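*Asks:* okay, predicted coordinates and the sequence, questions at the end:
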Amino acid sequence: MKRFTLFVSLLVALSVILSACAPATEAPAAEAPAEQPAAAPTAMPEPTEAPPPAPKVLKIANTANITTWDPVASFSTEAAYMANVYEQLLRINPPGSAEKYAPLLATSWKSNEDGTAWTFNLREGVIFHDGEPMNADAVVKSLDAARTSGGASFIWWMVDSIEAVDDLTVQFNLTSSAPIDLIASSLYGAWIVSPKALDAAAADENYWANGVEAGTGPYMIESYTPDQEIVFQKFENYWGGFTDKNYDTVLVQIVPEALTQQQMLEGGDVDLVTRVPAENYDSFRNNPDYTFLEEPSFFNYVGYFNTLRAPLDNVKVRQALSYAIPYDDIIKIGAKGLGTQSRGPVPAGVWPWSPDVPQYTYDLDKARELLKEAGHEGGGFSMRITYAAENDTEAAFVPLIKDSFAQIGVDATVEAIGFSQQWDEAKSDPANAQDMFIVLYWPTYSDAGSDNLWSLFYYTEKPFFNLSYWNNETYNTTLDEAIGSTVTDPATSQVKYVDAMKLLVDEAPGVFFFDTKAVFIIPNSIEGFQYNLNYPFVQYFFYQLSPAQ
Amino acid sequence: MTAIPITSSTENESTRTLRHVFSVIVRDPLSLISTIIIVLFVLIAIFANQIAPYPLEGAGKTNADNSLLSPSSEHLLGTDKLGRDMLSRIIVGARPALIVPIGVVFFAILIGTPLGALAGYKGGWIDEVIMRITDLFLAFPSLLLAMAITSAMGRGLDKAAIALVVSWWPWYTRIARGVAVSLRQRYFVEAAQAVGVSDAVIIFRHILPNTISPILVQATVDLGTVILAMGGLAFLGLGTQPPLPDWGLMVSEGRELILNQWWVATYAGLAIFIVVLAFNLLGDTLRDIFDPRQYK
Amino acid sequence: MRHIEFILRRLVTSIFVLLGVSVITFFIARVVPTDAAAQYIGPKARPEEIERVRIKLGLDKPLPVQYAIYMGELLHGDLGNSISTKRPITQELADRIPATMELLLVGMFIAVLLGVPIGVLSARWSGKLPDLFIRLVSIIGVSMPAFFLGLLLQIIFFRNLDLLPLAGRLDSDMRFVSPVTDITGFILLDSLLTQNWVALKDAFLHIILPAFTLAAYPIGLIARMTRAAMLEVLEQDYIRTARAYGIKDRIVIYLYALKNAISPTLTVIGLTFAFALTGTFFVEIIFNWPGLGLFTTRSLLNLDYPAIMGMTLLGATGYVLINLIVDVIQSWIDPRVSLH
């Protein structure tokens, strides 16, 4: 046994050596709490003395992983955290708010008449977490970086130049009319970052890797342990200030499993979670300790038909298949009833959604009739449907489509493949691509006209996101007109968009399954939560939240 | 000590070995039970469509109205998210669960054994080259290698199966080589060489038949391991993709439901466990009979 | 002399094996069915941007050149950056090694602690009822899918009995109640060194279920092999002689026989380490254990090729290293080993 001990100690030594190579990322994390050791929540406060109030800690379990801490490149789930650290010029308020926008780093803004030049006046006295002042140069530098090398750089495609007019004024010069206020409120590609940090990041590509940040937001990242936790502390110099209700510390644990999150919430390990298994919603829905919220969301499920391939090049066949989609069952199984059938590719609640856009019903007789008219009586053809293997919801509902198609004589095979793999397949060669391709889509910022409607179905020679390869002259020109008049004449723009959507639904180059709902389970111990449809990846803005009195 | 026949007259030997194996199995209660379990599952796999109460649902047909029903007389093991009868899913799932691992082991033997026999018989640089390649593959933890290959080829039952063959064949090469080396010097091989029988004939007539029993023992044990590995790959999302029935996938689908709809994951997990247990028990007995470790 | 020669020979072959491993790994990782550049930059990137990333990542160069570059960087300890987290792979791995090693070591400790005695007892009662029972138990260990056993244990010990925590390495409260100072990254060790008893107890409670889930397979394997080795030794002449001289059975078994059965058992323990390493993939997922397994599975699903490559290389290196160590130790215990 002695030799075994030797063997084990060798291994221990080896792993210690290996782990010693790791930079000491966690060092600051261990220090900070030591400064407030008397935070034992169980201790009864002495009535006579007034001890310093215990720091208020918010504990959250979140599924979102960090794909990058680089605020310029960021285009994924890490926004849930970064939106508490970085700020845009302005924020778009939830639909139905009195004001469309809330000013953040800009206090006021205006455009010229045709919406091709915009001026933003910046907030005075704002500093970044690293101590640098926030001014026009910082804004220009951040947004120039975002539009040339950012993850979401395309949102600025119409920007010709951004210039600092004076220390607190920035001007955008555009090549065509566009709602820069809306674009500047985008979750992605619009954060203002300290110029010092941008320079440092340019010199060192791993600058951000360990959770380094340099924003202006109310919270700072204190430490980041990959796959485990992120600790946020409030930024004492935040321009918005703090009241005694705000949380001092926010502890986020990264927990990918919905069931684990539920256990943690019920066991009191965390205050808030982001995901609970849909099958278990009922334990919260009727529970007086929680508020169960079902909200409309930014997301919807869309399926592309490969319109270059027979028989899907026939509009009647596409319509027939659209009638053969069991929409209600799909919502019931795929979303536990928490969804609404889509009206075209624009999710409900996002501009330019309209109740006037028609929907297909589930009508197999009609489907058979249309197939007959198209010369495919009784179906008799086969299709290959692909969906993202990562997406549990798709995995749950796609088999329903297969079974339903079988009833009209269409033999569908469904295939789960990697998300990026399915894009590659669709983008490479339409002749070999899948017949139907199911995606979860969302607009990058709150304009599903220039995003969903344009990206998904506007024809470009080399397909970008139009992976139905559909090419309809009328649709394209209508869309051009709608996009062009968004700023100058929103009413006309909306009308044009609705025309385009009606055409789209009628021509059916794709299937519009359902708009998802966002579910929030908020315990009564927390107040201030306000859902904002426009920032779907940010479940919680920590600054809004406070412990219930 | 050893059941390796000394002569090349394999006919009588193998009948005798079989009878011996049979008598041991009948006497050992654990192996008897495990043999019965294996036969039972093989029968279930063959007659899946006749046995399953809802064969279409077993194969993947959905029934949205029956989503997540708890076990009842109608659905003995309950239903899954898509309203499919779990008992039928597990019964129809027995097919891929048994057939694919058998195929994996079969192809691993098909590739590994001749290479090992060739290496052991020829020796020299051929041996060196073959065995160094084998070493390369054995340098990976086999499941890790299989996972990497599966993901590189792009998930799915077929890909997982290929990946497992790639990571499993070297084990058989080693065993076959061990046998071949021990036979190389035997008189009947030397006699055959002396009268000018070609190498290929010697390998096929004299060497390969003698590898059969140690290989079969190893194969029995490996079947259990491969079933576990297939289930594991499916559980991780790399193996079988829905809507095909797969036990590992069912456990993975049922994980989130384990608090309230425990039946989705539990019975499928039990099915894997029982089959693997049966193969391991049987393999253990066979190994005691043949003791193939001496060839490794 | 023979020792040193043997060790040197094994070292040299190990290096060649690892070189070959790197080629295989590189090939596997580079045929991933997706455009790494497109994946790096995200789903909505324009073609020009994808090209820019392609050049940045060196993916525009021919494969052999890419391999040469990769190996050159590898020699400097650089495994490239992860596609999905954009962090250096070396750092990603180093951050997670302590968690996985802690789990592995505790798991293996349990496995050896239970497996060896079970095997010895089983051999002692060979053919009798206790042997049958012990055999069954150890085979159950190797037949139980880790992903299923983990779930069962969670249901029993968390959901039904509420005795042990569900997942993770420490209670989230711990950083406020009694924060652990990071010294080695092994929470058990760190809290012991700093005499942080509260955290030690908590970390201990957290590791029980995952370590046991991980240990199930090795327990079975070690018990089986110990049993086989013991049986073999017990049949040998000197043991029979010892028995004939009337030396107590217990002494014969625990002293003479076990000592000689250690060598094959050690080989199995080495091998088992590799099995346990792959076992962590499942255990870490189920118990949300922030180690290499969780990272690897995610990288495989995301087709994060630098991460896949780094992890496969690390796994193979660890495996080769363990085998090397086992061989060397064995050549000490049993000089006959170095002869073949």
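*Replies:* Yes, it's here.
*Asks:* next, count neighbours for C:N160.
*Replies:* 9 (other CB atoms under 10 Å in any protein chain shown). No exception for glycine: its C-beta is placed from N, CA and C like everyone else's.
*Asks:* with the one 4 residues further on instead?
*Replies:* C:L164 has 16 neighbouring residues, counting by other CB under 10 Å.
*Asks:* how about the helices in the stretch 1-150 of chain A?
*Replies:* A:2-20, A:27-35, A:79-82, A:136-149 (DSSP state H, counting those that start in this stretch).
*Asks:* swap that for the stretch 101-250 of chain B, please
*Replies:* Under DSSP H, counting those that start in this stretch, the stretch 101-250 of chain B gives helices at B:124-138, B:142-153, B:157-184, B:187-194, B:199-202, B:208-236, B:247-254.
*Asks:* a markdown table for those helices, including distance to chain C?
*Replies:* Formatted as a markdown table, the helices of the stretch 101-250 of chain B follow (distance: least, CB to the nearest CB, whole Å):
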| stretch | distance to chain C |
| --- | --- |
| helix B:124-138 | 4 |
| helix B:142-153 | 4 |
| helix B:157-184 | 10 |
| helix B:187-194 | 22 |
| helix B:199-202 | 25 |
| helix B:208-236 | 5 |
| helix B:247-254 | 6 |
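*Asks:* got the residues of the stretch 251-400 of chain A near chain B?
*Replies:* For the stretch 251-400 of chain A, the contact set with chain B under CB under 8 Å from any CB of the partner chain comprises A:257-259, A:262, A:277, A:279-280, A:326, A:329, A:332-333, A:389-390, A:395-396, A:398-400.
*Asks:* pull out the buried residues from stretch C:252-269.
*Replies:* Within stretch C:252-269, the residues that count as buried by 16 or more other CB atoms under 10 Å in any protein chain shown are C:252-253, C:256-258, C:260-269.
*Asks:* does the closest residue to A:E113 other than its chain neighbours count as helix, strand or coil?
*Replies:* In space, A:E113 comes closest to A:T488 once its chain neighbours are excluded; the distance is 7.4 Å by CB to CB, 6 or more residues apart in numbering or on different chains. The assignment at A:T488 comes out as coil when based on DSSP: H, G, I helix; E, B strand; the rest coil.
*Asks:* who's in contact with A:T488?
*Replies:* Going by CB atoms under 8 Å, 6 or more residues apart in numbering or on different chains, A:T488 touches A:E113, A:D114, A:G115, A:S177.
*Asks:* from A:G449, how far off is it?
*Replies:* 14 Å (CB to CB, to the nearest Å).
*Asks:* likewise A:D271?
*Replies:* In terms of CB to CB, A:D271 sits 38 Å off from A:G449.
*Asks:* which residue ranges of the stretch 201-340 of chain C form helices?
*Replies:* C:237-244, C:249-251, C:258-286, C:292-302, C:305-333.
*Asks:* tell me the most buried of the ones you listed?
*Replies:* Counting by mean count of other CB atoms under 10 Å in any protein chain shown, helix C:292-302 has the highest mean neighbour count of those, with a mean of 25.
*Asks:* could you tell me the least trusted of the helices of the stretch 101-250 of chain B?
*Replies:* Lowest mean pLDDT within the helices of the stretch 101-250 of chain B: helix B:187-194, a mean of 80.
*Asks:* tell me, how many residues neighbour residue 68?
*Replies:* By default, I'm working from chain A. Per other CB under 10 Å, the neighbour tally for A:T68 reads 22.
*Asks:* the intended chain is chain C.
*Replies:* C:A68, neighbours per other CB under 10 Å, totals 12.
*Asks:* can you check A:F419 too?
*Replies:* What A:F419 shows, counting by other CB under 10 Å, is a neighbour count of 21.
*Asks:* apart from its chain neighbours, what residue comes closest to it?
*Replies:* A:A388 (4.0 Å).
*Asks:* what's the pLDDT at the residue of the stretch 101-250 of chain C found nearest chain A?
*Replies:* Ranking the residues of the stretch 101-250 of chain C by distance to chain A (CB to the nearest CB) places C:M101 first, at 4.1 Å. With respect to pLDDT, C:M101 scores 92.
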